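>>> Show me the folded form of this:
(chains A and B)
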Amino acid sequence: MVRLTDSEKAMLDGAEGAAKQKAMALLVRYANALGAERFVDTNNIAGVPGSSSLFLKNYYKDHNGGDYNAIFSLYDLDSDEIVEVPKVSAYSCHLQGGMDPDNWMKMGQTQAAFDHFREDEAAVADHGVQILKTCTPYLAGNVPVKGEHCAWMESSAVVFCNSVIGGRTNTEGRESTSSAMLTGKIPDWGFHRDEFRYGTHLVEVEVPIETVQDWGMLGYFVGDVVQENIPVITGVTGQPNLVRHKHFGAAAASSGGVELYHVVGITPEAATREIAFGPRRPVATIKYGLAERRKTYESLNAIGSNESVDFVMLGCPHYSIEQLWEVSRLLDGKKLNSGVQLWIFTSRSVKSVADTNGYTKIITDAGGLLLTDTCSAISQAVPKGTKVVALDSAKQTHYLPAFMGIEAWFGTTKDCVDAALTGRWRGALA
Amino acid sequence: MSIDTKTHATTIVLHGRTVVGGVAEGEALVTRETISGWGGVNPMTGTVIETRHELHGVSFKDKILVFPGAKGSSGWSNAFHMTRLTQTAPKAMLFTTMTTKIALGAVVMRAPALTDFDRDPLEVIETGDWIKVDADKGTVEVTKRTDRDE
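Numbers count the residues shown, from 1 in each chain, chains lettered A, B, ... in the order given. Below is the predicted model:
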């Protein structure tokens, strides 16, 4: 059973109000399920507090009309009664949401859904949660430091936080993050603890890993092989930038459950192979050579057979300003094929830079849309009649066809922009 | 192992650690593959939708779900929390690898759940076996399907 400090005990006994009492009760159930012995303090939480789909809103309509207090109490805190939800006590941000705030109609959303989205957002902001509305909080102003205890949702952000920054977070869920926002507590288990962070599997890379696509494929392969374990990658030459890490981690967290990886000589807890493994010996050694690379590419392209593309979706995880710069150079002065729609997703803060730099105009003039807050998989929205999508994200390729029952091609950003301009898929493994 | 003289059924008893207490009884649905929550299951119907999964299209509603554990998105708890609301949830979960995703998902699903077994449930239990879970006591009683069919 988890041991509580006096102040945690007081919270559980209701000394700080009913909402914190319910939040602490949920966290105690969760800690006991994990087998955690104590809590750590956290002041960096990323979640989706109180956000309600129309399903939830309708489900709880007989409870205060399904308002923020009702949904936060009954769903986020898993409480059996509605409590008055106070402003958050710990630094908290809201991750991605359900629709673009300006182009929601083009995403097939109804006025009712949009009104509800606005209402939700106002309530979240009113409770002191930063409205970042992105799966990449680290590109929108929330960058943890090495060793910082965080409580983050969003598997691609979690793996980035742990691996690239050396921050400490498990893959939290909606209920645990919402509870942590009120209490500043999260179970001291898993990636919060040194002994959990050492590598388990050795991955020997035998081919050059250079492009964003290379990193995405390697991530997809590694996640599939190691599942929820901790890979240590060796044999990588060159220095992957932020975008490469973003695509590697997102892919590894989709095909498997990778929450932390080490790249020897590159990531902060892997100065050497020995440091990365610590007291552990690798349980398996996995080779990534030409054959594995080819197989991964083919597996990602196994659900595409029709070369006539009618939709291109970029921005999974949300595009950085560097990626928007790259796309705007590929699109500058050109027009999309009349049979293709192009949606590019980013965060509101990155979009404001793209607006200033003229990238939004270049994308719009070409016939595409630069959207924020969400993506096709999250909002389960594609242009009406979409049959074949082109994607540059292994993660999106993993999820979107399963959700929407469409075909998908996976390639480079350039392959995808080419498909948007020509209506044809001409990607091939370089 | 014990022999029930009335039914000639062979029962096997496993012991595990309580994740979520409670008792449940039902038919086993076993997979050696981890399950993805968001994007891996449809909480409206209680079915696995991941195209590459061996249970693709199979419903876990009212089953005793026996599997290695969770993978994928942090929406895992949300997806299984939703199955409780839509009444498509498994009756109980028996799993072998602890993660934050499955711990939180099991808690908010409020169905009995066990892990850390004295014998590997993926070796002992097959789909269709009849399972009695007492997660308060930490016991799982397995009646093999072949025996029941006799």
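
>>> list the contacts for residue 124?
I'll assume chain A. A:Pro49, A:Gly50, A:Ser51, A:Tyr68, A:His94, A:Ile131 (C-beta atoms under 8 Å, 6 or more residues apart in numbering or on different chains). Glycine gets a C-beta too; all of them are placed from N, C-alpha and C.

>>> um, chain B though
B:Ile12, B:Leu14, B:Val142.

>>> Can you report how many residues neighbour the closest residue to chain B within the stretch 1-150 of chain A?
Closest to chain B within the stretch 1-150 of chain A is A:Ala33: 4.0 Å, counting by C-beta to the nearest C-beta. Close neighbours of A:Ala33, defined as other C-beta atoms under 10 Å in any protein chain shown, add up to 25.

>>> Assign the residue nearest to it when sequence neighbours are not counted to helix, strand or coil.
Leaving aside its chain neighbours, A:Ala33 sits nearest to B:Ala103 (4.0 Å; criterion: C-beta to C-beta, 6 or more residues apart in numbering or on different chains). Secondary structure, DSSP: H, G, I helix; E, B strand; the rest coil: B:Ala103 is helix.

>>> My guess is B:Ala103 contacts B:Val19. True?
Yes - using C-beta atoms under 8 Å, B:Ala103 is in contact with B:Val19, at 6.5 Å.

>>> any shared contact partners between the two?
In contact with both B:Ala103 and B:Val19: A:Ala33, using C-beta under 8 Å, 6+ apart.

>>> So which of these two has more stuff around it?
B:Ala103 (32 against 27).

>>> Pull up the gap between that one and A:Gly50, please.
Distance of B:Ala103 to A:Gly50, given as C-beta to C-beta, to the nearest Å: 22 Å.

>>> how many neighbours does residue 129 have?
Because you didn't say which chain, this covers chain A. Neighbours around A:Val129, by other C-beta under 10 Å: 24.

>>> The intended chain is chain B.
Under the neighbour criterion other C-beta under 10 Å, B:Asp129 is assigned a count of 22.

>>> Just the ones in strands from the contacts of A:Val124, please.
Judged by DSSP state E, strands contain the following of the contacts of A:Val124: A:His94, A:Ile131.

>>> ok, which pair from the contacts of A:Val124 is furthest apart?
A:Tyr68 and A:Ile131 (14.1 Å; C-beta to C-beta).

>>> neighbour count winner among these two?
A:Tyr68 (21 against 15).

>>> I'd say the more buried one and A:His116 touch.
No - using C-beta under 8 Å as the test, A:Tyr68 is too far from A:His116 to be in contact (11.3 Å).

>>> Mutual contacts of those two, please.
By C-beta under 8 Å, 6+ apart, no residue touches both A:Tyr68 and A:His116.

>>> Can you name the helix or strand that residue 81 falls in?
Reading this off chain A. Counting by DSSP states H and E, there is no helix or strand that carries A:Glu81.

>>> that's the wrong chain, I wanted chain B
Judged by DSSP H and E, B:His81 forms part of helix B:76-86.

>>> Pull out the buried residues from that helix.
Of the residues in helix B:76-86, B:Trp76, B:Ser77, B:Asn78, B:Ala79, B:Phe80, B:His81, B:Met82, B:Thr83, B:Leu85 count as buried by neighbour count, 16 or more other C-beta atoms under 10 Å in any protein chain shown.

>>> Could you dump those residues into CSV and include distance to chain A and pLDDT?
Putting those into CSV (distance: C-beta to the nearest C-beta, whole Å; pLDDT from 0 to 100) gives the following:
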residue, distance to chain A, pLDDT
B:Trp76, 6, 94
B:Ser77, 3, 96
B:Asn78, 5, 95
B:Ala79, 10, 96
B:Phe80, 9, 97
B:His81, 7, 97
B:Met82, 8, 97
B:Thr83, 12, 98
B:Leu85, 6, 97
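
>>> which one of those sits closest to A:Cys135?
B:Asn78 (14.8 Å).

>>> Find the nearest non-adjacent residue to that closest one, please.
A:Arg174 (5.0 Å).

>>> could you pull out the helices for chain B?
For chain B, the helices defined by DSSP state H cover B:76-86, B:100-109, B:121-124, B:145-149.

>>> Brilliant, that's me finished.
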